[in-house]
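[1] below is the sequence, then the predicted model.
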Amino acid sequence: MSEPLLQVKDLEVYYGVIQALKGISFHVNEGEIVSLIGANGAGKTTTLHTVTGLLHPKHGSVVYAGQNLAKVPAHKIVSMGLAHVPEGRRVFQNLSVYDNLLLGAYTQTDKEKISRQMDSVFDQFPRLKERRRQLAGTLSGGEQQMLAMGRALLSDPKMIVMDEPSMGLSPLLVSEIFEIIQSFRAAGKTVLLVEQNAKKAMTVSDRVYVLETGSIIKEGMASDLINDESIKKAYLGE
Amino acid sequence: MDFLSALINGLSSGGTYAIIALGYTMVYGIAKMLNFAHGDVIMVGGYTMFLTLMALGHPLVALAAATVFCVILGVTIERLAYRPLRGASPLAVLITAIGVSFLLQSLAQIIFGSSPKMLVQLQISGGITLGALSIDYSTLLTLAVTAVVMVVLSLFVKYSKTGRAMVAVSEDRDAALLMGVNTNAIIAITFAIGSALAAIAGYLMLCKAPSLSNTMGAMPGIKAFTAAVIGGIGSIPGAMLGGILLGVVESISYSVPALAPFTDAVEFSILILVLLVRPSGILGKMRREKV
């Protein structure tokens, strides 16, 4: 087995004096979908923000594709092939759908490649194509989520980290979002997923880590954990 | 005819305000700070023109030198004074900006003294006469430069990659970082553009009234800041509209004998009126605060 694509070791992150992550370690192998599940405030978003450089750890390391990200500024991480679809979509409301997608390709220099990828995003999300001139702020929540995912795809990532992609969406759209996540795997991309919807997350994932107040309390194959009694009770509402 | 010429003069001085206001509003929108030293960059540009004129003589060379020097100054101020305070309390940044403003004014006074310099080489006299209406060449020049600045800047922001990144940073700095935008570089570029515009505004002011002192930028700076707030601070079309509006109000008020002594009061009353009706300015967006 080769090195994992993402290796996180003993990560400790503080907000001021409050410790949000208490030394967590996990890894994601190339081609895998891995989920972090846990309640509000468990440290899921903090973990993702530290992976993509928006937050800096006090201790521990994040190694991506063999490179330690500790000294890499946040804006350089996306060009290493690691894209982040943030919680709450965070699309640029006052820019058109098309301009949002172009910002996704901000680090790309090959114009032909950008237009090829733009076409493939439009193929996958025809609604974005219809609305490409519309301001992103006028899109529905589901459309904004698709825009946020399309924008990430335009950076031509090897790995995508996604923060609560299904939050606030109708059940039908939630299923659609999870189908899209599976299509990322089919396209050869690695996914690290943070979700409140633990059941859905576990059905698409290979492996799962369970976070509780800044520590990983359980890890395993998704197919095993989905039948684990304590997980069922705490996170699946059964 | 009096009204018409007041209107044209107002459009022209409003154009100068708009050019300065663009610097305030872009920096506010992108770096989320009020750069109260912006007006004094105009003054530094003025002294740069003064020195260049003594050495080389040609007004356009002086303008070019002032633009380059102001860009360097603006970027340096941002790097040394404001960047270390990124993430600090807005009050700390504000007081620093006021400190930089006093620093520049005092340095100019130490170096050049407090008596005004006359830059007669920059003065553009004469004008055209259309019937009873006469318009100064300097007024026409200001109108033309204002129009060019507005069009070029709008196209730049809308269609260039850097312009798109500027809008992105102003809206959501972290999300822009995730797209790979170097937000520090974008903020530096914003200061560079604002400072270049300040140099141009200083040139236009000196074409009309060639008297240069260390407080030359203070009042136009405050007026332009007012204009930016009237238009909606953070909004580029807002700064343009606010600047023109303030200039026209100023000029018309000045042309009415009963109002003339109270012109400044009239202008700032406009600010209060606009803010009573639209607290975020005419074209300003209501900020949706994140919870």
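    In hand now; what should we look at?

[2] when you work out contacts or count neighbours from here on, use the C-alpha atoms and nothing else.
    Fine.

[3] what does the stretch 151-291 of chain B have sitting close to chain A?
    The stretch 151-291 of chain B comes close to chain A at residues B:161, B:164-165, B:167-168, B:171-172, B:174-175, B:177-183, as judged by CA under 8 Å from any CA of the partner chain.

[4] most neighbours, which of those?
    residue B:179 (32 neighbours; other CA atoms under 10 Å in any protein chain shown).

[5] please list all residues in contact with the nearest residue to residue A:188 once chain neighbours are set aside.
    Excluding its sequence neighbours, the residue lying closest to residue A:188 (CA to CA, 6 or more residues apart in numbering or on different chains) is residue A:31, at 6.0 Å. Counting by CA atoms under 8 Å, 6 or more residues apart in numbering or on different chains, residue A:31 touches A:185, A:188-191.

[6] how many residues are close by residue A:108?
    Neighbours around residue A:108, by other CA under 10 Å: 16.

[7] measure it to chain B for me?
    10 Å (CA to the nearest CA, to the nearest Å).

[8] just to be sure, that residue is in a helix?
    No. In this structure, residue A:108 is coil, not part of a helix, as judged by DSSP: H, G, I helix; E, B strand; the rest coil.

[9] residue of chain B closest to chain A, please.
    Per CA to the nearest CA, residue B:180 is where chain B lies closest to chain A, at 4.1 Å.

[10] let me see the backbone angles for the residue nearest to residue A:188.
    phi 90, psi 0 (degrees, to the nearest 10).

[11] gap between it and residue A:182?
    For residue A:31, the distance to residue A:182 equals 11 Å [CA to CA, to the nearest Å].

[12] what about the helix or strand residue A:11 falls within, average pLDDT?
    Residue A:11 is part of strand A:6-15, with elements assigned from DSSP states H and E. In this model, strand A:6-15 carries a mean pLDDT of 96.

[13] with stretch A:117-127 instead?
    95.

[14] show me which positions of it end up buried.
    A:117-118, A:121-122, A:125 (16 or more other CA atoms under 10 Å in any protein chain shown).

[15] swap in stretch B:264-283?
    B:266-268, B:270-271, B:274-275, B:278-283.

[16] quick one: that stretch to chain centroid distance?
    Remark: stretch B:264-283 is offset 18 Å from the chain centroid, using CA atoms, centre = their mean, to the nearest Å.

[17] mind listing residues that contact it?
    B:226-227, B:229-233, B:235, B:237-238, B:246, B:249-250, B:253, B:259, B:286.

[18] for chain B, what are the nearby residues on chain A?
    So chain A meets chain B at A:52, A:54, A:74-79, A:83-84, A:86, A:90-95, A:99, A:103-107, A:152, A:155 (CA under 8 Å from any CA).

[19] chain neighbours aside, what residue packs nearest to the residue in chain A positioned nearest to chain B?
    Residue of chain A nearest chain B, by CA to the nearest CA: residue A:75 (4.1 Å). By the measure of CA to CA, 6+ apart, the closest residue to residue A:75 outside its immediate chain neighbours is residue B:180, 4.1 Å from it.

[20] what about the most centrally placed residue in chain A, which SS state?
    Nearest to the mean C-alpha position of chain A, by CA atoms, centre = their mean, lies residue A:162 at 1.6 Å. Three-state assignment for residue A:162 (three-state DSSP): strand.

[21] quick one: it from residue A:85, how far?
    Taken as CA to CA, the span from residue A:162 to residue A:85 is 5 Å.

[22] what's the longest helix in chain A?
    helix A:171-186 (DSSP state H).

[23] and the residue of chain A closest to chain B, what does it touch?
    Contacts of residue A:75 (CA under 8 Å, 6+ apart): B:177-183.

[24] coming back round to it: average pLDDT for the longest helix of chain A?
    The predicted model gives helix A:171-186 an average pLDDT of 94.

[25] what residues sit buried inside that helix?
    A:173-174, A:177-178, A:180-182, A:184-185.

[26] the very next helix or strand once past that helix vs helix A:171-186, what angle?
    Counting by DSSP H and E, the next helix or strand C-terminal to helix A:171-186 is strand A:190-195. Computed with axes from the mean of the first three to the mean of the last three CA atoms, to 10 degrees, the direction of strand A:190-195 lies at 160 degrees from that of helix A:171-186.

[27] what segments of chain A are helices?
    A:44-51, A:74-77, A:97-104, A:111-124, A:126-130, A:141-153, A:171-186, A:198-204, A:222-225, A:229-235.

[28] what helices and strands are in contact with the fourth one?
    It stands for helix A:111-124. With contacts defined as 3 or more CA pairs under 8 Å, 6 or more residues apart in numbering or on different chains; DSSP states H and E, the packing partners of helix A:111-124 are helix A:141-153.

[29] could you do the last one as well?
    Under the contact criterion of 3+ CA pairs under 8 Å, 6+ apart, helix A:229-235 touches no helix or strand at all.

[30] with just CA atoms, put it into CSV.
    Provided in CSV are the C-alpha atoms of helix A:229-235 (Å, rounded to 0.1, in the frame of the first residue of the first chain):
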residue,chain,number,x,y,z
GLU,A,229,-24.9,0.0,18.2
SER,A,230,-23.4,3.1,19.8
ILE,A,231,-23.1,4.9,16.5
LYS,A,232,-26.7,4.0,15.6
LYS,A,233,-27.8,5.4,18.9
ALA,A,234,-25.7,8.6,18.9
TYR,A,235,-25.7,9.6,15.2
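
[31] output the below-cut-off pLDDT ranges for the stretch 1-150 of chain B.
    B:1 (pLDDT under 70).

[32] can you give me the strands in it?
    B:117-118, B:127-130, B:133-136 (DSSP state E, counting those that start in this stretch).

[33] who wins for proximity to residue B:8 among these?
    When the strands of the stretch 1-150 of chain B are ranked by distance to residue B:8, counting by CA to CA, first place goes to strand B:133-136 at 7.9 Å.

[34] pull up the pairing partners for the closest one, direction included.
    Strand B:133-136 has the following strand partners under DSSP bridges: strand B:127-130 (antiparallel).

[35] can you map out the strands along the stretch 151-291 of chain B?
    Counting by DSSP E, counting those that start in this stretch, the strands of the stretch 151-291 of chain B are B:211-212.

[36] so which residues make contact with the lowest-mean-pLDDT helix or strand in chain A?
    Ranking every helix and strand in chain A by mean pLDDT, DSSP states H and E puts helix A:229-235 at the bottom, with a mean of 83. Residues outside helix A:229-235 that contact it (CA under 8 Å, 6+ apart): A:38-39, A:198-199, A:225-226, A:238.

[37] next one: stretch A:200-211
    Contacts for stretch A:200-211 (CA under 8 Å, 6+ apart): A:26, A:32-39, A:42-44, A:178, A:181-182, A:193, A:195, A:216-223, A:225-226.

[38] cutoff 6 Å now
    Defining contact as CA atoms under 6 Å, 6 or more residues apart in numbering or on different chains, one finds that stretch A:200-211 is touched by A:33-38, A:42, A:216-222.

[39] and that stretch, what's buried?
    Those would be A:201-202, A:204-211, for stretch A:200-211 by 16+ other CA under 10 Å.

[40] and the two most separated of those?
    Going by CA to CA, the pair spanning these furthest: A:204 and A:211, at 18.2 Å.
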